[in-house]
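Colleague: Sharing a model prediction with you, sequence too.
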Amino acid sequence: MKLRQTILIFFCLSLVTTGFSQTPKPVPPLREQADLQQQWLKLRLEKVLPTLMRRHGVVMWLVICREYNEDPIYRSLTSPTVFAARRRTMLVFFDRGPEQGIERLALGGGSNGGLYQVYRDPEVENRELYGEGQWALLRKLIEQRNPATIGVNISHTHAFSDGLSAGEREKLETALGPKWVSRFVRAENLPLEFISIRLPEMLPMYKRMQETVHSIIARAFSSEVIKPGKTTNQDVVWWMRQQVNDLGLGTWFQTTVRVQRKGSGIPSNLAEDAPIVIERGDVLHCDFGLTAMGLATDTQHMAYVLREGEKDVPAGIQQALRHTNRMQDILLERMRPGRSGNEVLADAIAQMKAEKINGTFYTHPIGDHGHGAGPLIGLWDRQEGVPGRGDVLLLPNTWFSIELGARTKVAEWDNQELFVGQEEDAVIDADGKIAWVLRRQTNYHLVK
């Protein structure tokens, strides 16, 4: 309740202090951010982790990594004030049963604000050679608890589940010996699902971030920023990047702005492409993402630069956007927990083709990372399905970037194809229902 009240108070203050024409402030002051993130971490460790360990038959889970070579899940398990593993950090989770719960131990590093018990034994550590004491301590801990299974982060399929480095694995196996190594299980779905599952308490702040995304895009795709015949697409990119920087936010990829016009082919969407001067009659596409408070967004919108005397988008160009809106509907109707990403993809493609839309689906999870943990629903070059990563099942309480695109022949452009890419973040809630985090784009941004 305290967490929700804090977010609500900040949300109300933001509405009072922020004008509609200004970019809303998506996050509170830094200290309050850390407090909220710490509360989220506590909830994830107490509510999400026990269920997942028991679901996947992991009695003890080891997360072992060194400074600057952290396991991908490390930052999802530690406080916002912890920036790296301390030389070597071993996080050990041991299931003592439903009544006693999950024991959380840290060998190396601190307690993360009291969420972990710092496990030390100077007698064991000091009698070992430098740097080897932790391994002896880990073995003592395991011998005391005698777990039936020991989960380790090794995976050929999922990067999020493959955080145990080759060197640390060799050290671990040598330190524990055959008896304990025989109890290792590759806990692929445990880290994958822990990262992917979202707390409802995170959503109000995530909506604020999305409002900021939409506001920056709306300003970028307007006469405030774009002067036809003078402004380049790279000018717009760097204006957007500067807004992000000025707000104290981050990003996880270089923003891109793509320009399409009659008489030219569909350009690539690479950040290193040469600048293009924006002209009247152009169609613009952006790909833009923010990071804040350990969360990431991912959004693609379209704009049209009005010609002299025009008041709206030509009908054929507007129809191209409707095709992608229809693709969004098709996909969301099929995204239900219990279905795999590949199953959703095949079903959606069949319906899209039945409606004669020339499109591509490449939707991905989002949350702690931009390209998040969980099932892929296609890749732009893998419309037949994605082995392994597309076989993962959709879960309740997860977020997705609904990313897709369509090519439509435009009559006003002599039947030249126009690419319209759309990306908007959506939430699958606890009941399995899916909805937009904020809203989707149904009309072009207009540059007058």
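Modeller: Perfect, I can see it now. These figures come from a predicted structure and were not determined experimentally.

Colleague: Name the residues of the strand or helix carrying residue 352 that are buried.
Modeller: Residue 352 is located in helix 341-354, with elements delineated by DSSP states H and E. Neighbour counts over helix 341-354 (16 or more other C-beta atoms under 10 Å) mark 341, 342, 343, 344, 345, 346, 347, 348, 349, 351, 352 as buried. Where you see a C-beta, it was placed from the backbone N, CA and C, and this is true even at glycine.

Colleague: Next one, pLDDT for the residue nearest in space to the middle of the chain please.
Modeller: Nearest to the geometric centre of the chain sits residue 366, at 2.6 Å (C-alpha atoms, centre = their mean). Note on residue 366: pLDDT of 98.

Colleague: residues touching it, list them.
Modeller: Residues near residue 366 by C-beta atoms under 8 Å, 6 or more residues apart in numbering: 296, 297, 298, 372, 399, 400, 401, 425.

Colleague: Ok, residue 175 next?
Modeller: 132, 135, 136, 138, 139.

Colleague: The helix or strand where the last one lies packs against which elements?
Modeller: Secondary structure assigned from DSSP H and E places residue 139 in helix 133-145. Contacting helix 133-145 under the criterion 3 or more C-beta pairs under 8 Å, 6 or more residues apart in numbering; DSSP states H and E are the following elements: strand 60-66, strand 88-95, strand 102-107, helix 122-126, helix 166-176.

Colleague: Of all these, which one is nearest residue 418?
Modeller: Among the helices and strands packed on helix 133-145, the nearest to residue 418 by C-beta to C-beta is strand 60-66 (46.7 Å).

Colleague: What segments of the stretch 251-400 of the chain are strands?
Modeller: Ranges of strands in the stretch 251-400 of the chain, per DSSP state E, counting those that start in this stretch, are 256-260, 283-288, 291-292, 295-296, 299-305, 359-361, 364-365, 398-410.

Colleague: re the thing from before, in CSV: the contacts of residue 175, plus distance to residue 434.
Modeller: Output for those, formatted as CSV (distance: C-beta to C-beta, whole Å):
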residue, distance to residue 434
132, 50
135, 46
136, 49
138, 42
139, 46
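
Colleague: which one of the residues you listed has the most neighbours?
Modeller: Neighbour counts for those, by other C-beta atoms under 10 Å, peak at residue 138, which reaches 24 neighbours.

Colleague: Double-check that one against residue 107; I have them as touching.
Modeller: Yes. Under the contact definition of C-beta atoms under 8 Å, residue 138 touches residue 107, with a separation of 6.0 Å.

Colleague: which neighbours do these two share?
Modeller: With C-beta under 8 Å, 6+ apart, residue 138 and residue 107 have common neighbours 90, 92.

Colleague: on that earlier part again, what's next to the helix holding residue 352, contact-wise?
Modeller: 327, 330-331, 334-335, 359, 361, 375-378, 383, 385-386, 389-392, 394.

Colleague: buried subset of these?
Modeller: The neighbour-count test (16+ other C-beta under 10 Å) marks 327, 330-331, 334-335, 359, 361, 375-378, 385-386, 389-390, 392, 394 as buried among these.

Colleague: can I assume residue 434 is in contact with residue 335?
Modeller: Yes. Counting by C-beta under 8 Å, residue 434 does reach residue 335; the two are 5.3 Å apart.

Colleague: Let me see the ranges of the helices in this structure.
Modeller: Using DSSP state H, the helices of the chain run over 2-17, 30-43, 49-55, 122-126, 133-145, 166-176, 178-181, 189-196, 203-220, 233-246, 315-334, 341-354.

Colleague: Just say which of these is most tucked in.
Modeller: With neighbours defined as mean count of other C-beta atoms under 10 Å, the helices of the chain peak in mean count at helix 189-196, which reaches a mean of 25.

Colleague: Could you name the helices and strands sitting against that helix?
Modeller: helix 49-55.

Colleague: and residue 147, what does it touch?
Modeller: 59, 60, 94, 183.

Colleague: farthest pair in those residues?
Modeller: Using C-beta to C-beta, the contacts of residue 147 span at most 12.9 Å, a distance reached by 94 and 183.

Colleague: Neighbour count: these two, which is higher?
Modeller: residue 94 (22 against 16).

Colleague: Just give the nearest non-adjacent residue to that one, would you?
Modeller: residue 103 (4.3 Å; C-beta to C-beta, 6 or more residues apart in numbering).

Colleague: Hmm, that neighbour is touching residue 115, no?
Modeller: No. Between residue 103 and residue 115 there is no contact under C-beta under 8 Å: 11.8 Å.
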